[in-house]
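**Q** From the sequence below, what's the structure:
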Amino acid sequence: MKKHEERAHSKFSASGAERWLACPGSVALSEGQPDNGNKWSIEGTKAHEILEQLMRRELAKLNGEKKLPPIHFQAPTIMVNHAANAACFMLDQHKKNPGSELTSEERVYLSHIHEEMFGTYDGALVVPFWSLDIYDFKYGSGHAVSPVRCLQMIFYAIGKAHEFNYNFQKIRLWIIQPRIKGYDGPAMWELTMPELREYEQILRDGVKAVEENPKKYVEGGHCHWCKAKAICPLKQDKVIEKGRALFAPVITKPEGGTNGKTSSEKGGKESRQKSEAQWREESKKGRTKAQSRAEEKGQKIRGQKEKQSTSRANPFRPSRG
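**A** Purely as a prediction, here's the structure:
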């Protein structure tokens, strides 16, 4: 049994259906990008591996197999209990429907839509010519997932219904998410076969959009789990725009008669001209006052010299009588 992270990935995956239907460009952009998991995704993968082992063992018992598949895992008790409860729910549904067929962790192919379109469901219960139940085990606790119009589960239902030539009266989608707040059992959404076929056409149109518009990018809630968001052109353009906004100069609208110059430039020039004129005027006044003081001082000095020269007149010169 291969680990979940080691399994082949579909170009048009079930888990990514919401993303590639909304953003055609994300398909090509995501190819080759590493799937960097976080602690929540790693935890969820571990819980699914436990569920898979428990289901394989219990289904082997129901089929009368003598050699049962081994169970080997190390996990917290609470995780094992949640996985076991999910397995019990699916097994109880199987017992309530005599003649039904219960399968777990099987891959469905939608090659009738595209050759690279497949996915693996957690559980499926088939009552021939009557009903098809699809089960999805969610271990997350932060965001409650609804089965209503859940594209991932609709994807599985289309693949499984195709195997049986769509011979069902109703389709039921079940979300088992025991860790969410207020959980009181699996949530279910029911739809008819004609409704399921309508969704099949939506998937066809989505694949066509990817092939015809491989570089069309659309932002939305689907970006959260996109592997290519770090290299997305839309995301990079936004970063560039923010940078430009931070470093762009503040420019005011040009006023009439300024020959295209802004009011700030005009005002700045006028203020500089005014300051220079004032400086010249003040300097001129300063020089005038200095010159006046110098002239006054010079007159005093000349007067003193004249007085001194008079007082030191020639004593031998006869005075006028």
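**Q** Which stretches in the stretch 51-200 of the chain count as strands?
**A** Secondary structure of the stretch 51-200 of the chain by DSSP state E, counting those that start in this stretch: the strands cover 101-104, 107-109, 118-120, 123-127, 131-137, 170-176, 187-192.
**Q** what sits against the closest residue to residue 144 other than its chain neighbours?
**A** The shortest distance from residue 144 to any non-neighbouring residue, by Cβ to Cβ, 6 or more residues apart in numbering, is to residue 180 (4.5 Å). C-beta: built from backbone N, CA, C; applies to glycine. Contacts of residue 180 were listed using Cβ atoms under 8 Å, 6 or more residues apart in numbering, and they are 140-141, 144.
**Q** on that earlier part again, between the strands of the stretch 51-200 of the chain, which gets nearest to residue 57?
**A** strand 101-104 (10.4 Å; Cβ to Cβ).
**Q** tell me what that closest one is packed against?
**A** Secondary-structure packing of strand 101-104 (3 or more Cβ pairs under 8 Å, 6 or more residues apart in numbering; DSSP states H and E): helix 39-62, helix 77-96, strand 123-127.
**Q** Give me the mean pLDDT for the second one.
**A** Which is helix 77-96. Per-residue pLDDT over helix 77-96 has a mean of 97.
**Q** So which bits of it are buried?
**A** In terms of neighbour count (16 or more other Cβ atoms under 10 Å), helix 77-96 has its buried residues at 79-80, 82-83, 86-87, 89-91, 93-94.
**Q** can you count the residues close to residue 197?
**A** Using other Cβ atoms under 10 Å, residue 197 has 12 neighbouring residues.
**Q** domain ranges for the protein?
**A** Domains of the chain are assigned by automatic domain parsing as 4-232, 249-308.
**Q** deepest of the ones you listed, which one?
**A** domain 4-232 (a mean of 16; mean count of other Cβ atoms under 10 Å).
**Q** if I look at residue 142, how far off is residue 199?
**A** Separation of residue 142 from residue 199 (Cβ to Cβ, to the nearest Å): 27 Å.
**Q** That should have said residue 186, apologies.
**A** Per Cβ to Cβ, residue 186 is found 21 Å from residue 199.
**Q** Repeat that for residue 140.
**A** 24 Å.
**Q** Not counting its neighbours along the chain, what's nearest residue 93?
**A** residue 125 (5.5 Å).
**Q** and of the strands of the stretch 51-200 of the chain, who's closest to residue 47?
**A** Closest among those, using Cβ to Cβ: strand 131-137, at 7.3 Å.
**Q** Pairing partners for the closest one, with directions?
**A** strand 123-127 (antiparallel), strand 170-176 (parallel) (DSSP bridges).
**Q** List the contacts of residue 231.
**A** Neighbouring residues of residue 231 by Cβ under 8 Å, 6+ apart: 29, 33.
**Q** Mind pulling the model confidence for it?
**A** 86.
**Q** Distance-wise, check it relative to residue 209.
**A** Taking Cβ to Cβ, one finds residue 231 at 21 Å from residue 209.
**Q** who's in contact with residue 58?
**A** Taking Cβ under 8 Å, 6+ apart, we find residue 58 in contact with 87, 91.
**Q** same deal with residue 44?
**A** Contacts for residue 44 (Cβ under 8 Å, 6+ apart) come out as 138-140.
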